[in-house]
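Q: Let me see the structure of the following:
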Amino acid sequence: MDQSSRVARVSLAAILAVACGTAQDAAPAGPWMRAGEVGAMTAAYFTVPNAGPDTLRLVAVEVDAAERASFHETRDSAGTARMVPRDTIAIAPGDSAVLAPRGLHVMVHGLRVKLVAGDTVVVRVLSSRRDTILVSTLVHE
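A: Numbering: from 1, shown residues only. As a prediction, the model looks like this:
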């Protein structure tokens, strides 16, 4: 495998890192996405651990099944939940970024296809190391 292309693949059954160098440091776990209608917004959730010696920065996210995707964080402001866009997610060495409901997550905008429970959708997460982390998410209602 080419040293410049590091890819991690994830499934609910097992975590499989197909990697060269440090991509193994960034293999995500527990991936799922909410169902949604064509044109709707939905969200994706998973965990990205950083087993490497340096901070791992997640800098972009893409979903083929949607017009665009972006990192968001849900914040509580005076008892009201607000979603705030995030340019990056920094993960300290030995730590993990947990993307979960009511916290950090991937907002998926403008679904191109209807997503129903049982579908699988690939999310591509790009890091500042130029790693591409492929996350296979299982759609849930």
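
Q: contacts and neighbour counts: CA atoms only from here.
A: Noted.

Q: Show me the shaky parts of this protein.
A: 1-30 (pLDDT under 70).

Q: can you map out the strands along it?
A: Along the chain, counting by DSSP state E, strands occupy 7-10, 15-18, 29-34, 42-49, 56-63, 66-77, 80-86, 89-91, 96-99, 104-111, 120-127, 132-140.

Q: Let me have those strands in TSV, extended by mean neighbour count.
A: Output for the strands of the chain, formatted as TSV (neighbours: other C-alpha atoms under 10 Å):
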stretch	mean neighbour count
strand 7-10	22
strand 15-18	16
strand 29-34	23
strand 42-49	22
strand 56-63	20
strand 66-77	18
strand 80-86	13
strand 89-91	18
strand 96-99	19
strand 104-111	23
strand 120-127	20
strand 132-140	23
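
Q: which residues touch His72?
A: Met83, Val84, Pro85, Arg86, Leu104, His105, Val106, Met107 (C-alpha atoms under 8 Å, 6 or more residues apart in numbering).

Q: what's the closest non-adjacent residue to Met83?
A: Sequence neighbours aside, Thr74 is the residue nearest to Met83 in space, at 4.4 Å (criterion: C-alpha to C-alpha, 6 or more residues apart in numbering).

Q: Was I right to think the one you found contacts Ala100?
A: No. Using C-alpha atoms under 8 Å, Thr74 is not in contact with Ala100, being 9.7 Å away.

Q: and the residue of the chain positioned farthest from its centre, how far is that from Leu104?
A: The C-alpha centroid of the chain is most remote from Ala78, which lies 28.1 Å away (C-alpha atoms, centre = their mean). Distance, Ala78 to Leu104, using C-alpha to C-alpha, to the nearest Å: 19 Å.
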